[in-house]
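just need the structure, nothing else, for what follows:
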Amino acid sequence: MDKSKRLFLKSKRSFRRRLPPIQSGDRIDYKNMGLISRFISEQGKILSRRVNRLTLKQQRLITIAIKQARILSSLPFLNNEKQFEKSATTTGLKKKKK
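A predicted model of the protein is given here:
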């Protein structure tokens, strides 16, 4: 087979279709913390639509729900747990050696 013809052959690998992250019965709401927390990074940022594999409408609804949850204080604006732990250990009293 010529090298030029070989470039146009499609590979016959099978792929597994991924399940959508939001099922049809799931309700996108600021009260649904289990659902909302899946779309937030460890730092507290909203993940992009490409990473989430959401439709445009779903991403808009998720963004609105996250912002509402932040305003109502059910979600933090920033997740500084790691920074807080580091600062707590560095500012703590050090033991004197005898």
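
tell me the contacts of D29?
Neighbouring residues of D29 by C-beta atoms under 8 Å, 6 or more residues apart in numbering: A65. Every residue, glycine included, has its C-beta placed from N, CA and C.

residue boundaries of the helices in the chain?
3-6, 33-36, 49-52, 56-71, 81-91 (DSSP state H).

lowest-confidence stretch among these?
Here these differ in mean pLDDT, and the lowest is helix 81-91 at a mean of 56.

just give me the neighbour total for the nearest residue to Q59 once chain neighbours are set aside.
Ranked by C-beta to C-beta, 6 or more residues apart in numbering and with sequence neighbours excluded, the top spatial neighbour of Q59 is R49, at 4.3 Å. The number of residues packed near R49 is 16, by other C-beta atoms under 10 Å.

then S73?
Residue crowding around S73 was assessed by other C-beta under 10 Å; the count is 8.

next one: Q43
Using other C-beta under 10 Å, Q43 has 10 other residues around it.

what's the neighbour count on the residue lying closest to it once chain neighbours are set aside?
In this structure, Q43 finds its nearest non-sequential neighbour in N79, 5.6 Å apart by C-beta to C-beta, 6+ apart. Neighbours of N79 under the rule other C-beta under 10 Å: 15.

how close does N79 sit to K45?
Distance, N79 to K45, using C-beta to C-beta, to the nearest Å: 9 Å.

wait, the residue nearest to Q59 sits on K57?
No - contact criterion C-beta atoms under 8 Å: R49 and K57 do not qualify, at 10.5 Å.

phi, psi of S14?
Here is the backbone geometry of S14 (degrees, to the nearest 10): phi -90, psi 150.

show the pLDDT at D29.
92.

how close does it get to F77?
For D29 relative to F77 (C-beta to C-beta), the value is 19 Å.

S48 now?
Per C-beta to C-beta, S48 is found 18 Å from F77.

cool, K45 as well?
K45 is 10 Å from F77, by C-beta to C-beta.

likewise L56?
24 Å.

list the contacts for L56?
Neighbour list for L56: R49 [criterion: C-beta under 8 Å, 6+ apart].

quick one, phi psi at G44?
phi 100, psi 10.

could you list every residue that touches it?
For G44, the contact set (C-beta under 8 Å, 6+ apart) comprises L75, P76, F77, L78, N79.
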